[in-house]
Every structure is written in C-alpha cells, then in structure tokens.
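Engineer: below are the sequence and a predicted model for it; my questions follow.
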Amino acid sequence: MAGVGSACLAVALLTALYAVGASLYGATRGRREWVISGRRAIYCVGALCVTAFGLLEAAFLRSDFSFALVAEGSSTDTPTFYKVTALWATQDGSLLLWATLLSLFSTAVLFLTRRSLRDIAPYATAVLGCIGAFFLLLMVGWENPFDTLAVPPAEGAGLNPLLRHPAMMIHPPMLYTGYVGFSIPFAFAIGALVARRTGADWIRATRRFALIAWTFLGTGIMLGALWSYTELGWGGYWAWDPVENASLMPWLVGTAFLHSIMVQEKRGMLKIWNVSLICATFTLALLGTFLVRSGILDSIHAFGASTIGVQFLVFIGLVIALSATLIISRLPYLRSEARLDSLLSREAFFLLNNLVLVGLCLVIMWGTFFPLISEAITGTEASVGPPWFNRLATPLALVLVLLTGIGPVLAWRRFTPSALKRVLAVPLAAVVLALVLLIALTDAPDSPPSLAMFCLVAFVLTVVSQELWRGTAARRTMTGESWPRALSRLTGRNRRRYGGYLVHAGIAVLFLGVAASSAFVDQRDVRLSPGESFEVNGYRVTYREATAKLGGDSAGTGAPIAFGAVLDVRKDGKHYVMRPSRNYYSSGDPSLGTISRFFEGEATSEVDVRWGLTRDLWLAVRPDIGSLEKPIQEADAKFADSPGDVQAFIVAALAERYRSDPPPAAFRAIASPLVLWIWIGGAIVVLGALLAAWPSPEARLRRVRSLYSARVGRELSRA
Amino acid sequence: MEYALALVVLALVVGAVLSLPLRRRGEEEQREETRLAELRAAKEAKYREIRDAELDREMGKLSRDDWRSVDRDLRSEAIEILRELDRLEGRVPQGGMDR
C-alpha cells in the first residue's frame, strides 16, 4: 500500500497547485466556475491526505516494517495506543499530520464560506493551496512517509521511550491543530488585502477558527507542561526551552489578535495592526514547527535532526516578504474608520494589552534565538537561562494579569473616572483583604512578585464574579427569572463575552499556580537504602523496599524492565504509599552484549505524584544499577548466543537480584504548593474558549434579522 | 507498478471532480441569472406591496391594527427575498458571517 500512499501525496500536491492556479484565474477573470473548481480541489486534497494518513496508520497498527517509518518508530511490543500515535512522533509523519489537519481546516472554512465572501474567498483558497502544496512538496520531495525498505527488519526500533506518555501523544496533534488553525485567518487576511476588502468581513468569517486554533495551541502547551512535570524527571513544568517558547510565542500574539479584532469589529480601528498580528501569528506557527523539527537549537523537546530546515526557512521568508509587501501596498485601504475617543476605554486597554503581549513575545524571541545571535556576532554560542526569562517575563505577566482584570469592567468608547471608581471598589477591597490575609497567615511576603500576583488574581476573580453577578441581577430585574435561570440565559445569550470572562478567570487561576509553585517549592535530593527516611515540607518519606518488574510497567509503556521503589509517606497522621520507578528499554545496538543490551538502551523516569489542591508531593527514583554491572558482563560472556527464553530467564534473575538486595537509590522529592491549579486554570480557559466559540444560531438569526429589517426600512425610504 | 496505477486512477478521479464545475458552467450560470432576475423582481414587487399597504392605511382602507399585521408579514417576506438574493450574490450581512 506504500505505492498508493505515495500516489495520494503526489496527486494531492498537483491538486493543491491546481487549486492555487484555478482560484487565481477565476478571481482575476471573474470566472466563477474556476473558483468553484479551485475550491473543490482543496476538498480533494483533504480526501487524499486523509486517505494517506489512514494508510500509514494502518501500517503502524499491523506493524508493517516494510514501511521505513514504521520500522523506525514502532515495534511489535509497542502498546496499541502508542502504535496509533507513533505516526506523528516521526518527522515525516508529523508533516503528514500537518498537511492533513490543514486540508481538513481548509475544507471546513471553504465549505462554510462557499456562498459568501466571493471577493476574498478565491484568494484565500489560493493561499491555503500554497501552504498545503508546501507541506506536500516537503513529503514528495524530501521526507516521504511512504518510503519502503528493500529488506524489512523482523522487529522495529520502537517508539522513543520519552514519548510514551499519554499527554505527549495528544500534545503534538493539539499543538499542530493550533498552528494549522491560524493559517485560516491568515489566508483570509491575505485574501482581504489582495481583494482590497479590508473591512471586518474576513474577521467575522474566521474568528471562530482563530479561537479554536488558540484553544488547541493552549491545550497543547498545557499538555506539554504536564508531560514535562510527570515524565522528564526534573520536577518542573516549564524550562523556557526553545521548543516550549516556540509554541508560546504564536499563542501570545494570537491572544493579542483575538482581542484587537474586537476593536476592528466594533469601531473599524486597528486594521493594520490586525493583519500584521495574524501574519506574525502564522509566521510564528511555522517557526514553531520548524524549531521542533530542525534541531537548530538545543531542546529537550526536539527529536531528530531535520533535512528540511532550508526549505522551511525559505518558506518562512516568503511568507514574511509577501505579507509585508501586501500590507504596505494596501495601507490606503487600511485606514481607521474612527479615532480613539478616550484613553479610559476598552479599546485603549485592548491596545495596551496587545503591546504587553507582543512585548512578552519579543522578550521570549530574543532569549530563544540568543544562542544563534551570539554565535553569529561573537562566534561562540551563549544562551540565556530561566532566571533571565523570569526576570523579564514576571513584570510583564503581572501587568497582563492586571489588564485581564481591568478590561472586562471598561466600556467601549469612553468611561468616566467616577464610573471606574464605582466598578473597581469591590475588586480593590478584595485586593486589600487578600493582601492582609496573605501577610498575616502565609509566607507570601517572602516573594514580593508572588504576593503581587496573588493580589492580582484576587482582583481578576472578583471582577469576573462581579460582572456575572451584576449581569444576572440586571436580567432578573428585567425578566423576573430565578437566579440560576437568569445566569444561564445571560451567559447563553452572550457566549462570546462571558466565555471571554471565564478565560480571564482561568488565566488568573493558572498564574496563581505558577506564582505559588515557582516561589515556594521545596525540593530534596537524597540517597537512601531500604528502611531509611527523609523529610520534605513536613512529609516523612521512608524507603520501604525496592521493586523490579519485567514487562508490564505501571505506566503501560511496554518497557521490558522497570526498577522502582515503594515509599511510605506520612504527614499529619495520614499514611500514603508511593511507587516511583525507572523504565529501562532494550538497545538495538548489536555491538552491546546479549544481556547488556536490555539495560543499555533508553531509560525514563516514571514519577509518582500525589496530587492535592493545596500541595503536591512529587517523587522520582534513580536506581543504581551499577551493582549489576559485573553479573551482567559475566552473563554477556556466558550466554552470548543463547535463545530468547534463556535471555529472559537471565534478565529475570538479575532483576530479582536487584529487588532482593538493592543498593542505595537516589531520590528526588518535590513539594509544590498549588501546582495542580495550573492545569485547573488551563481547563477553565479551555471551557471559556469553548463557550465563546460555541455557535449561537438563535443569537445570529436575531442579529441577522434585525439587520435585514433595517435594510428593508432603508431601501423603502430611499425609493 | 502499484504507484503508477494508483497515480493514474487517483488523477483521473480528481480530474473528473474538478472538471465538473467547468463542464456545467453554462447551465448553472444561466439558472442562477434567471433566479437572480426573478428575486430582484420579487423584491421590487414586495416593496411596492409594503408601500401600497401604507397608502391604504393613510386613506383609511386599513385599520391601524390590520396594517400592522399586514406590514409585518410583508416585511418578513421581503427579508426572505433579500436573504436569498444575498446568498446567490455571495454577500452576507454583518453578523451573518460569524461562523
């Protein structure tokens, strides 16, 4: 079936190129049939990509090692879930995932706009066709996922053990969906510029796509942080790693875009800013894909060196050049329709929030690319570490959270200082109360930035609660509905507004977790023998016994060997048992000994976390298998050509030897306050975004009907 | 061999799908033009009806309540015609685009 897969990609490439040509020809010559044909070409690309994706998934599921990609990224003993997801762990597979997601998004948006935006849609089709053709060209020309091996191996290399984590397998599609989703508003923005239709039509048509992309990208970032926290064994969730930063940058600029488009929709302002923001977001999304695959910057998240770095850079350069040229040439069409009435207005604060978000993105970009910049200038590669990022990002994050609270209370156009005092009275009282309680009852004053963040979180949560309360009370006065009904009707009829407020609340909760867990974390690194104990943050941890499992590790990753520990944890009269372990994967290197290879492959930490709303206890173990070195070497010499069952018997005996007479093991224990709230906040953000993106046909019909009524009245009075 | 065969079959299928709008060009365009002309005429007729009803009210032929009911119905019908017109012309009013 590899031939069919390759043919699907080749035909998809030709079809995407046809979509570009047909749409442009149809748009410039006013030939609708060519525009329709171009749009259908994108549908066909979607069908072909999905077919190719399905063929490759089937090859992974049946462990068909005649496919080079399957032999490289899977094995017969890889659990089924990881076989399915192994496709996007490889470079070629992830390109196919990008192209497939893009073709599906493109199909959806072109289908939805098939009867509207006649001026813009053909150019948007051409842009989407170009992006699709680029990814298809990469596969057809350099990284064909359907490459086959002349002599298929009996067994595959297996999935990279570090990737055998549920969050890590869902994280790439989430991230890619986010990256790909931003290509939709980008394509329509370019279409609007080419067609000189720079009103808010393209924004209204693609706003939901941008919001969905933003949500997926944010979810991908949160899952990546969860993977880092529970899999990498260092105990943190964010390291300002280049690949982490590369995903955060488009998210930040995308956040700015989602805010500033509201100003264009309401007031016809910030047109240049909006098209610039979406072009920057899409470019950063491409950059994110490039960084994760190119390996040009050292990262714990970059897997494998790339052969397509130059092609990516050329494409990114073209996108920047085309966008900049188009924006400059259309400046006369991008003039604002209104002026800023007052600095104390929602649009002014949106602009301020945009500047902070873009500023934060620039800081992160500078820090991320500093190694390349320093190498280019001085010849030696230097990098900036987390303290540099924290020093610059913390004040910006504080301002951002403050604006998250102020934005919802302000009105469009202008707001009087007296009205501001009235709406901010309760939130400011909440800040004072929080400050007093934090100083009196906690260690928060030890970290002034954290103390400031806690107060701002109280401010934002009070603002959001106040907005909900006031809105519900007003609705109750008008309709006489009960409180729950009034609240549900209020949010249901104003999903965009209240979904947005929920997102703000989620962001505040997320920052609560970040501020607490980064400033008040308690970490201990110890080396213990069974029976010995240590204390961390009031937890008494005792190493009860060593464990050794063969096949069937607790995380279900398919690791052949797992050495771990059973620990008794006591605090405040309560007793828990925790079982961290370390998985050992066989090496495929034939130069290693018959038995050594079972211990010399990749090894990953299987952290045990006791999650809690107020504090987490995180435990990792690093067993010392050096004591097994001598018996392993002896077994290598003695059982060099032994059959598989004998090898399994020897490995079992060695594991039992470790379990019954374990040497001291190294442990890392981390007690982090409120760290769980990072992901709870993330979940609230997703819920809010879904609420804001959820279609409201009733509201749309009402809005459309009132607009048509007005038009009938207008046209009748004209005649 | 498998690759070449698949390439030809897929290219033929895709080619057939893409050429369909080009082959149907004439008839579809004519159908659309006719429908557009009908709708434009229907819109003008509906506007005339609304104005006539207004005149009837002013001349006392229609009571205020009756006129309200007639006017509401006529405007609803006019809105439906405008919607259909916009759909065919590829225009959607503000608020209607938000997907």
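Structural biologist: Happy to help now that I have it.

Engineer: the stretch 451-600 of chain A: strands as residue ranges?
Structural biologist: Secondary structure of the stretch 451-600 of chain A, counting by DSSP state E, counting those that start in this stretch: strands at A:522-528, A:533-536, A:539-550, A:561-571, A:574-578, A:581-584.

Engineer: the fifth one packs against which elements?
Structural biologist: The criterion is 3 or more Cβ pairs under 8 Å, 6 or more residues apart in numbering or on different chains; DSSP states H and E, and the helices and strands that strand A:574-578 contacts are strand A:561-571, strand A:608-610. C-beta: built from backbone N, CA, C; applies to glycine.

Engineer: ditto for the last one
Structural biologist: Here strand A:581-584 is seen to pack against strand A:561-571, strand A:603-606, strand A:615-622 when contacts are counted using 3+ Cβ pairs under 8 Å, 6+ apart.

Engineer: list the contacts of that strand.
Structural biologist: Applying Cβ atoms under 8 Å, 6 or more residues apart in numbering or on different chains, the contact partners of strand A:581-584 are A:161, A:547, A:549, A:553-555, A:557, A:559-565, A:598-599, A:601, A:603-606, A:608, A:621-623, A:625.

Engineer: over to the fifth one?
Structural biologist: Residues outside strand A:574-578 that contact it (Cβ under 8 Å, 6+ apart): A:541, A:544, A:566, A:567, A:568, A:569, A:570, A:608, A:610, A:617, A:619.

Engineer: quick one: which of the helices and strands packed on strand A:581-584 is nearest chain B?
Structural biologist: For the helices and strands packed on strand A:581-584, proximity to chain B was assessed by Cβ to the nearest Cβ; strand A:603-606 is nearest, at 38.8 Å.

Engineer: direction included, what does the closest one pair up with?
Structural biologist: Strand A:603-606 sits in its sheet next to strand A:581-584 (antiparallel), going by DSSP bridges.

Engineer: surely residue A:548 touches residue A:656?
Structural biologist: Yes. The pair residue A:548 / residue A:656 is scored as a contact, 6.6 Å apart, by Cβ atoms under 8 Å.

Engineer: for chain B, name the helix or strand with the lowest mean pLDDT.
Structural biologist: Within chain B, no helix or strand scores below helix B:25-58, which has a mean of 82 by mean pLDDT, DSSP states H and E.

Engineer: quick revisit: mind putting the strands of the stretch 451-600 of chain A into JSON lines with mean pLDDT?
Structural biologist: JSON lines is the format used below for the strands of the stretch 451-600 of chain A (pLDDT from 0 to 100):
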{"stretch": "strand A:522-528", "mean pLDDT": "94"}
{"stretch": "strand A:533-536", "mean pLDDT": "94"}
{"stretch": "strand A:539-550", "mean pLDDT": "93"}
{"stretch": "strand A:561-571", "mean pLDDT": "93"}
{"stretch": "strand A:574-578", "mean pLDDT": "94"}
{"stretch": "strand A:581-584", "mean pLDDT": "90"}
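
Engineer: single out the most deeply packed of these.
Structural biologist: Stretch with highest mean neighbour count among those: strand A:581-584 (a mean of 24; mean count of other Cβ atoms under 10 Å in any protein chain shown).
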